[in-house]
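> Model the following, please.
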Amino acid sequence: MLDASECPPTFGSEPEMVQGIIAGGSRRWSSPSRSGDDLDAGSSAVDERRINDKDVVVGIAASGTTPFVRAALGRAQALGARTVFLSCTAPPPLITDTCDECITVLVGARGGDRVHPAQGRHRHKLVLNLLTTGAMVRLGKTYGNLMVDLQVRNQSWPTAASGSSWR
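Numbering: from 1, shown residues only. A predicted model of the protein is given here:
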């Protein structure tokens with residue numbers, strides 16, 4: 001969700017170009033949910049976005065077995081989209097045999113219920129950032145190391161030339 005939200009202001013992409021989908025939708029942010037177990041919701045999420053053969057769908061499941069993610073990837077593949085699976089553990093054969101690409105980011109020994117998932121989320125964020133940045137480079141949203149469609153919407157930093165300084 002975070003990586004998708006950063007693409008329009010950073011690269012000037014349309015908000016629909018990179019979308020974040022989470023099992024359970026906005027409800028997931030406020031309460032515990034078993035929505036990750038809902039196969040129908042995973043397929044429906046792909047259908048609602050009219051995924052087709054011009055799309056790439058990246059499924060993220062720390063354990064590698066989340067039903068929502070498996071169903072979303074399966075439906076996307078049936079619609080002709082390219083599929084990528086990102087997890088913290090080696091994915092099951094069902095995933096490796098059907099996804100176009102699998103990226104496994106191992107987080108090492110478990111450090112407690114909150115530490116282990118947090119390590120995975122940070123590493124997943126890095127991988128997603130690499131994927132979206134690479135895609136934007138291929139789409140011509142950069143020139144060298146410059147983001148050519150960057151949307152500057154905040155106040156600029158004071159400079160010596162402007163007569164302003166930070167105290």
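> switch to C-alpha atoms for all contacts and neighbour counts from now on
Will do.
> what pLDDT, on average, does whichever helix in the chain runs longest get?
Secondary structure of the chain per DSSP state H: the longest helix is helix 115-138. Average pLDDT, helix 115-138: 78.
> which stretches of this protein have low pLDDT?
26-35, 37-38, 108-120, 151-167 (pLDDT under 70).
> Can you show me the strands along it?
56-60, 82-87, 101-104, 142-143, 146-147 (DSSP state E).
> Out of the ones you listed, the one nearest Ala72 is which?
strand 56-60 (7.5 Å; Cα to Cα).
> Give me the sheet partners of the closest one and which way each runs.
strand 82-87 (parallel) (DSSP bridges).
> For Gly134, see how far away Asp12 is.
For residue 12 the amino acid is Gly, not Asp. According to Cα to Cα, to the nearest Å, Gly12 and Gly134 sit 15 Å apart.
> These two: who's more crowded?
For the pair Gly12 and Gly134, the greater number of neighbours falls to Gly12 (17 against 13), based on other Cα atoms under 10 Å.
> From what I see, Phe68 and Ser44 are in contact.
No - the criterion here is Cα atoms under 8 Å, and Phe68 misses it with Ser44 at 9.8 Å.
> Those two - which one has more neighbours?
Neighbour tally, Phe68 and Ser44, criterion other Cα under 10 Å: the higher count belongs to Phe68, 27 against 15.
> May I have the residues that are in contact with the nearest residue to the more buried one once chain neighbours are set aside?
Distances taken as Cα to Cα, 6 or more residues apart in numbering place Gly42 nearest to Phe68, at 4.4 Å, with adjacent residues excluded. For Gly42, the contacting residues are 23, 67-72, by Cα atoms under 8 Å, 6 or more residues apart in numbering.
> Also Ser43?
If you count contacts by Cα under 8 Å, 6+ apart, then Ser43 has 68, 71-76 around it.
> how about the helices of the protein, start to end?
Under DSSP H, the chain gives helices at 2-11, 39-48, 67-78, 93-98, 115-138.
> Point out the one among these that comes closest to Thr104.
helix 115-138 (9.2 Å).
> Show me the contact partners of that closest one.
Contacts for helix 115-138 (Cα under 8 Å, 6+ apart): 3, 7, 11, 62, 86-88, 105-107, 109-110, 142.
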